[in-house]
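>>> Sequence and predicted structure below; questions after.
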Amino acid sequence: MSSRSVSARRLTAAVALAGAVTLGATACGGTTKDSNAKDSAKAPAAAPTASADPAAPLKKGLTVAFLPKNVNNPYFTTSDTGGKKAVEAAGSTYKEAGTSSATDTAGQVSYVNALTQQQVDAIAVSAQDPGALCTALNQARKNGVKVVTYDSDTDTSCRDVFVSQASAEDLGRTEVQLMAQQIGNKGRIAILSAAQTATNQNTWIGFMKDELKKPQYKDIQLVKVAYGNDDAQASFQQTQGLLQQYPDLKGIISPTTVGIKAAAQYLSGSKYKGKVRLTGLGTPNDMRAYVTDGTVQSFELWDPGKLGALAAHTAIALASGQISGAPGQTYTAGDMGTFTIGQDSTVVLGKPTVFDKSNIGQFNF
Ligand code: RAM
């Protein structure tokens, strides 16, 4: 079950068979499960504020499923590989499932339902939409499945813990600051986002708009938010469209690894290279060539592998009863150290790194 295609195929079959009571046992042939853990996992879901036992031993033999926004996005390949390593190091079984499009909310709901049918112990999901998964996730929780969102949250009432990559406010504000420095605080800018419903991008964009209200940015105008749906081709075309519509554009902020890469690709082959500034959230491996060729000066990101690992440790701590998701609870995330659950049952990985030509060579993800 560890390979993406195998798990996706199996889950597609599971969706087709949804309703069969024995689905979990049969669809997971090949997955080793701890039957003791399974029995206790079927107790009704604990309320997020329920007590937990910080001294409870970590359970082994759990099944932890990762459900990214979309599976063919290198960012999620890295994050989920981090999750897989952490799950397996803890003596549990990892699986991954997901849609190929980042705008297939019905598909994400089907996968949640299929994983619930399969009686996994925990689901770590990056939500394509804040509300669409709620009913399915709460159904999963009623069936004893612990739900962690990572990267992109749902409504807080539909999951146990959100594992956030960084402070959303910090990410939104710093992307504007990076752009403002690069264009000398003046000119028209646009945002190239991912899916129109994406919780994480929309939260960051909200803080970008707020940051832009500050007096020092009075000469910067945000003219458009475009959506490339975390699809390389659509993002490339949206970039092209932005420059057709606004030939005097000074900069683009793209808070998506797929978007910023596609925008860099477009700009680097156009007359706008080095003239229209580009920043946002990208992986060093995707962006290295564009920093080297002068298309991009600086951008930021966290380590997606660490985000996946933290999501895995959190899911296992929940499924082991060490935490229930209540603010103030602390737990050890393997070799990553101790984390404390904060407001809205959110755990924050840390501060992002800003990459430019001086440091990009030091990173490999
Ligand atoms: C894309 C996805 C993901 C986001 C990163 C920055 O890969 O939209 O959700 O966190 O970009």
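Thanks, I have it.
>>> Residue 325 looks like it's in a helix, true?
No: counting by DSSP: H, G, I helix; E, B strand; the rest coil, residue 325 is not part of a helix but coil.
>>> In this structure it contacts residue 318, no?
Yes: between residue 325 and residue 318 a contact is recorded at 6.7 Å, counting by Cβ atoms under 8 Å. In short, each C-beta sits where N, CA and C put it, glycine included.
>>> which residues do those two both contact?
Residues touching both residue 325 and residue 318 (Cβ atoms under 8 Å, 6 or more residues apart in numbering): 160, 161.
>>> Get me the contact residues on this protein for the ligand.
69, 73, 75, 126, 151-152, 194, 198, 200, 230, 256-258, 281 (Cβ under 6 Å from any ligand atom).
>>> The closest residue to the ligand within the stretch 1-150 of the chain: neighbour count?
Residue of the stretch 1-150 of the chain nearest the ligand, by Cβ to the nearest ligand atom: residue 75 (3.4 Å). Using other Cβ atoms under 10 Å, residue 75 has 25 neighbouring residues.
>>> Likewise for residue 248?
9.
>>> Residue 120 versus the residue nearest to the residue of the stretch 1-150 of the chain closest to the ligand when sequence neighbours are not counted, what's the distance?
Nearest non-adjacent residue to residue 75, counting by Cβ to Cβ, 6 or more residues apart in numbering: residue 257, 4.4 Å away. Distance of residue 257 to residue 120, computed by Cβ to Cβ, to the nearest Å: 27 Å.
>>> of those two, who's got more company?
A count of neighbours by other Cβ under 10 Å puts residue 120 above the other of residue 257 and residue 120, at 29 against 25.
>>> That one touches residue 63, doesn't it?
Yes: at 4.5 Å, residue 120 counts as touching residue 63 under the criterion of Cβ under 8 Å.
>>> Could you tell me which residues touch both of those two?
Counting by Cβ under 8 Å, 6+ apart, the residues touching both residue 120 and residue 63 are residue 95.
>>> Tell me if I am right that residue 119 is in a helix.
No: per three-state DSSP, residue 119 lies outside any helix segment and is coil.
>>> Number of residues surrounding it?
Other residues close to residue 119 by other Cβ under 10 Å number 20.
>>> what does the one 10 residues further on give?
Counted with other Cβ under 10 Å, the burial measure for residue 129 works out to 21 neighbours.
>>> pull the helix or strand with minimum mean pLDDT from the chain.
helix 23-27 (a mean of 28; mean pLDDT, DSSP states H and E).
>>> Can you tell me how far the residue nearest to residue 53 when sequence neighbours are not counted is from residue 279?
In space, residue 53 comes closest to residue 321 once its chain neighbours are excluded; the distance is 5.6 Å by Cβ to Cβ, 6+ apart. With distances taken as Cβ to Cβ, residue 321 is found 43 Å from residue 279.
>>> do residue 313 as well
Relative to residue 279, and taking Cβ to Cβ, residue 313 is found at 31 Å.
>>> Also residue 248?
Distance from residue 248 to residue 279, by Cβ to Cβ: 18 Å.
>>> What are the boundaries of the helices in this protein?
4-16, 23-27, 35-41, 74-89, 105-117, 134-142, 168-182, 199-211, 232-245, 257-268, 284-292, 304-319 (DSSP state H).
>>> burial measure for residue 206, as a count.
13.
>>> residues in contact with the residue of the stretch 1-150 of the chain closest to the ligand?
257, 258, 283, 304.
>>> The ligand: which of the residues you listed is nearest?
residue 257 (3.9 Å).
>>> is it true that the closest one touches residue 73?
Yes: using Cβ under 8 Å, residue 257 is in contact with residue 73, at 7.3 Å.
>>> Pull up the distance across stretch 357-365, start to finish.
16 Å (Cα to Cα, to the nearest Å).
>>> Enumerate residues external to it that contact any of its residues.
Contacts of stretch 357-365 (Cβ under 8 Å, 6+ apart): 78, 283-285, 287-288, 291-292, 297, 303-305, 353, 355.
>>> so how far is that stretch from its chain's centroid?
Counting by Cα atoms, centre = their mean, to the nearest Å, stretch 357-365 is centred 22 Å from the centre of its parent chain.
>>> Flag every buried residue along that stretch.
Neighbour-count burial for stretch 357-365, counted by 16 or more other Cβ atoms under 10 Å, picks out 360, 365.
>>> ok, back up a step: next up, the contacts around the residue nearest to residue 75.
73, 74, 75, 281, 282, 283, 286, 301.
>>> Tell me where the stretch 251-365 of the chain is predicted with low confidence.
Residue ranges of the stretch 251-365 of the chain with pLDDT under 70: none are present.
>>> Closest to the centroid, which residue in the protein?
residue 151 (2.6 Å; Cα atoms, centre = their mean).
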